[in-house]
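Student: structure, please.
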Amino acid sequence: MKTVIVGGVAGGATAAARLRRLDETAEIVVFERSGYISYANCGLPYYIGGVIENPEALTLQTPESFFRRFRVDMRVRHEVTAIHPESKTVTVKNLETGAEFQETYDKLLLSPGAKPTQPRLPGVGLEKLFTLRTVEDTFCIKEFIQKHHPKSAVLAGGGFIGLELAENLRELGMEVTIVQRPKQLMNPFDPDMAAFLHSEMRQHGVKLALGRTVEGFAERDGGLDVLLKDEEPLHADMVVLAIGVTPDTALAKAAGLELGLKGSIVVNDRMETSVPDIFAVGDAVQVKHAVTGQDTLLSLAGPANKQGRIAADNICGGDSRYRGSQGSSVLKVFGLTAAVTGVSETNARKAGLETDAVVLSPMSHAGYYPGGKLMTMKVVFEKGTFRLLGAQIVGYEGVDKRIDVIAAAIHAGLTAIQLKDLDLAYAPPYSSAKDPVNMAGFLIENLAEGVVKQFHLEELLRLPRDGSVTLLDVRTPAEYAGGRAEGFRNIPVDELRERLGEIEPGKPVYILCQSGLRSYIACRILAGHGYETYNFSGGFRFFDAVTNDRRLIESASACGMDQG
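Tutor: Next up is the predicted model:
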């Protein structure tokens with residue numbers, strides 16, 4: 001049997017290796033139009049910043065090493081220009097010689113990936129306007145920096161590539177501005193959790209021009225202007241377009257394959273396309289979201305590798321199935337780690353789900369062991385059923401461990417309450433006897449059983465300040481003096497029982513503290529004395545971070561100035 005694979009990198013190269021492991025006699029041919037069959041796509045920004053010094057470290061395999069190990073015919077600088085399903089052939093162009101030829105196949109696997117989204121704007125294509133997707137793109141940016149020593153850069157887009165590149169350019173000493181239309185970075189996160197990313201960026205000197213619409217680019221004074229709608233342009237020595245990717249599916253469209261979202265290739269759970277004997281994997285395919293069940297696009301290396309393996313299994317006569325993409329990902333933002341799995345509260349509601357969430361600020365390990373650092377966790381679940389929908393965690397240590405535990409829990413179908421039952425490893429340098437994941441489960445169990453009722457940020461901002469409800473801050477006087485929410489009076493939790501006479505009976509009491517723990521204790525004390533109580537989810541630390549971020553974004557929009 002002969003399998004032709006169009007495209008290497010994650011999906012195609014994985015499929016080729018799996019095919020050989022399953023069938024020593026199979027004929028396998030891979031056509032890759034770039035000069036690299038398998039490279040560390042996620043490492044590209046770190047080569048530009050000098051964290052990865054050796055360019056060869058980006059290349060996971062060469063055609064020669066792949067052939068020695070797997071006896072796969074890897075042909076780089078070869079572009080498949082047409083697919084002919086009726087004759088089971090593809091047209092291939094040798095990009096070095098210009099020669100074209102036909103190649104037959106029994107099975108065809110498409111792994112064309114995605115290409116940087118190129119908006120139809122004036123100035124796209126200018127010399128100092130770059131995209132970052134391939135090794136060649138990386139070398140191009142690196143060479144420009146080494147030759148011209150730019151002092152400033154504007155990055156159009158605030159996703160993974162934009163944030164990673166911003167960090168690396170800042171480490172090179174450049175002034176960096178991120179501009180994009182949404183008023184937050186990193187769409188997989190809720191705006192309130194993105195506030196912590198914004199803060200880390202600002203602390204490291206990255207300017208954020210959020211809520212701006214880019215209308216084009218123009219050369220000026222040896223650099224580029226980024227033209228903004230209704231505002232003065234941003235000027236920089238170089239600009240990188242990082243506004244997302246688009247499935248690269250022109251071949252599939254021309255061959256008559258069924259297409260879906262943004263022109264992506266429609267596949268079933270066996271990675272089969274609408275045309276017999278043609279499979280597709282990776283960033284070019286439409287998948288089901290494992291939580292919502294809706295069609296989606298997720299450009300992540302993990303799913304692409306799994307899909308390549310599944311397609312190879314099925315090409316060899318197996319019956320492997322892809323269970324959908326969950327969107328688990330992690331990101332380094334200077335000293336911060338940000339991670340997400342499942343769906344955010346925002347996206348869950350867009351999908352029509354009734355949601356609730358808990359926000360907590362646990363330590364990365366036992367408080368008595370030196371070096372523990374706070375993290376902020378948001379766990380999203382479905383109202384009524386308490387189905388676990390997703391989580392977002394931002395912190396400095398232990399973030400990746402906790403997000404992976406929750407990702408596994410979602411995959412296993414656990415409820416949010418069952419997080420409390422997980423038996424997780426504990427030693428003081430690594431965790432607490434009550435791990436942060438367990439703590440989230442305890443909080444959600446308390447809500448489910450009516451032990452406590454909570455209120456969220458938007459509700460806090462809408463609470464009446466006319467005396468019809470009691471607003472109570474149970475932190476210490478020093479904490480209260482350092483910052484407070486409007487209308488909240490201070491009675492420290494440890495004085496609460498002695499000062500019950502100061503709290504008018506018959507009125508609902510809305511309580512906050514620094515993180516949510518002391519306010520929970522205060523809720524239980526007051527509930528025991530007949531009060532109706534509500535605990536603020538996330539605490540004042542969360543409230544302060546999010547409202548301060550909103551003020552900065554709105555004030556920047558009002559005065560037309562970038563944030564920094």
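Student: looking at this, residue 466 is in a strand?
Tutor: No. Counting by DSSP: H, G, I helix; E, B strand; the rest coil, residue 466 is not part of a strand but coil.
Student: number of nearby residues for it?
Tutor: 7 (other C-beta atoms under 10 Å). Where you see a C-beta, it was placed from the backbone N, CA and C, and this is true even at glycine.
Student: just residue 90 next, same as before
Tutor: 24.
Student: just the element for it, please.
Tutor: strand 89-94 (DSSP states H and E).
Student: tell me where the model's unsure across the protein.
Tutor: The chain contains residues with pLDDT under 70 at 39-40, 59-60, 558-564.
Student: which residues sit against stretch 88-104?
Tutor: For stretch 88-104, the external contacting residues (C-beta atoms under 8 Å, 6 or more residues apart in numbering) are 2, 4, 6, 29, 31, 33, 75, 77-84, 87, 105-106, 108, 277.
Student: measure that stretch end to end?
Tutor: End-to-end span of stretch 88-104 (C-alpha to C-alpha, to the nearest Å): 6 Å.
Student: got the contact list for residue 106?
Tutor: Contacts for residue 106 were tallied using C-beta under 8 Å, 6+ apart; they are 1-3, 88, 277.
Student: hmm, back to that, tell me what angle whatever helix or strand comes next after the strand holding residue 90 forms with strand 89-94.
Tutor: Using DSSP H and E, the helix or strand that directly follows strand 89-94 along the chain is strand 100-104. Angular relation of strand 100-104 and strand 89-94 on a 0 to 180 degree scale: 140 degrees, by axes from the mean of the first three to the mean of the last three C-alpha atoms, to 10 degrees.
Student: so what strands line up beside strand 100-104?
Tutor: Strand pairing for strand 100-104, determined by DSSP bridges: strand 89-94 (antiparallel).
Student: mind checking how far the partner strand is from the chain centre?
Tutor: Relative to its chain's centre, strand 89-94 lies at 36 Å (C-alpha atoms, centre = their mean, to the nearest Å).
Student: buried stuff in it?
Tutor: Within strand 89-94, the residues that count as buried by 16 or more other C-beta atoms under 10 Å are 89-90, 92-93.
Student: swap in stretch 199-218?
Tutor: Buried, per 16+ other C-beta under 10 Å, within stretch 199-218: 199-201, 204, 206-210, 212, 214-217.
Student: and the end-to-end length of that stretch?
Tutor: Per C-alpha to C-alpha, stretch 199-218 runs 30 Å from first to last residue.
Student: stretch 16-34 too?
Tutor: 17 Å.
Student: residues contacting it, please?
Tutor: For stretch 16-34, the external contacting residues (C-beta under 8 Å, 6+ apart) are 1-9, 12-13, 37, 66, 69-80, 90, 92, 95, 103, 105, 134-136, 308-309, 312-313, 315-316, 318.
Student: thinking again about what came up before, just curious, which of the buried residues of stretch 199-218 is nearest to residue 505?
Tutor: Ranked by distance to residue 505 (C-beta to C-beta), the buried residues of stretch 199-218 are led by residue 199 at 40.2 Å.
Student: would you check how far apart the closest one and residue 482 are?
Tutor: Here residue 199 is placed at a distance of 17 Å from residue 482 (C-beta to C-beta, to the nearest Å).
Student: ok, and the most crowded of the contacts of residue 106?
Tutor: Neighbour max across the contacts of residue 106 (other C-beta under 10 Å) = residue 3, 25 neighbours.
Student: what sits against the closest residue to that one other than its chain neighbours?
Tutor: Closest residue to residue 3 apart from its sequence neighbours, by C-beta to C-beta, 6 or more residues apart in numbering: residue 107 at 4.5 Å. Contact analysis of residue 107 by C-beta under 8 Å, 6+ apart lists 1-4, 277-279, 315.
Student: let me know the closest of the residues you listed to residue 434.
Tutor: Nearest to residue 434 among the contacts of residue 107, with distances taken as C-beta to C-beta, is residue 279, at 46.3 Å.
Student: which residues touch that closest one?
Tutor: 107-110, 267, 270-273, 311, 314-315.
Student: neighbours of residue 258, how many?
Tutor: Count around residue 258 with other C-beta under 10 Å applied: 13.
Student: over to residue 475?
Tutor: Residue 475 has 24 neighbouring residues, counting by other C-beta under 10 Å.
Student: the most far-flung residue of the chain relative to its centre and residue 474: what is the separation?
Tutor: Distance from the C-alpha centroid of the chain, by C-alpha atoms, centre = their mean, peaks at residue 501 (48.9 Å). With distances taken as C-beta to C-beta, residue 501 is found 16 Å from residue 474.
Student: and for residue 163?
Tutor: Per C-beta to C-beta, residue 163 is found 36 Å from residue 474.
Student: try residue 426
Tutor: Plainly put, residue 426 is 29 Å away from residue 474 if you go by C-beta to C-beta.
Student: neighbour count: those two, which is higher?
Tutor: More crowded of residue 426 and residue 474, by other C-beta under 10 Å: residue 474, with 26 against 14.
Student: what's the burial count for the residue nearest to that one when sequence neighbours are not counted?
Tutor: The shortest distance from residue 474 to any residue other than its chain neighbours is 4.1 Å, reached at residue 493 (C-beta to C-beta, 6+ apart). Neighbour count for residue 493, taken as other C-beta under 10 Å: 21.
Student: quick one, phi psi at residue 493?
Tutor: Torsion angles at residue 493 (phi, psi; degrees, to the nearest 10) stand at phi -60, psi -30.
Student: shouldn't it be in contact with residue 513?
Tutor: Yes. Here residue 493 reaches residue 513: they are 6.9 Å apart, a contact under C-beta atoms under 8 Å.
Student: overlap in contacts, the two.
Tutor: 474, 519, 522.
Student: now, which of those residues lie within helices?
Tutor: With DSSP state H as the criterion, helices contain 519, 522 from among those.
Student: need the shared contacts of residue 493 and residue 513 in CSV (columns: distance to residue 410).
Tutor: Output for those, formatted as CSV (distance: C-beta to C-beta, whole Å):
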residue, distance to residue 410
474, 34
519, 28
522, 32
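Student: which one of the shared contacts of residue 493 and residue 513 is nearest residue 545?
Tutor: Set against residue 545, the nearest of these by C-beta to C-beta is residue 519 (16.8 Å).
Student: for the closest one, give its distance to residue 368.
Tutor: Taken as C-beta to C-beta, the span from residue 519 to residue 368 is 23 Å.
Student: comparing these two, which residue is more hemmed in?
Tutor: Taking other C-beta under 10 Å, residue 519 and residue 368 do not tie; residue 519 has more neighbours (27 against 9).
Student: list the contacts of the closest residue to residue 46 other than its chain neighbours.
Tutor: Leaving aside its sequence neighbours, residue 46 sits nearest to residue 52 (C-beta to C-beta, 6+ apart; 4.7 Å). Shown in contact with residue 52 (C-beta under 8 Å, 6+ apart): 43, 46, 58.
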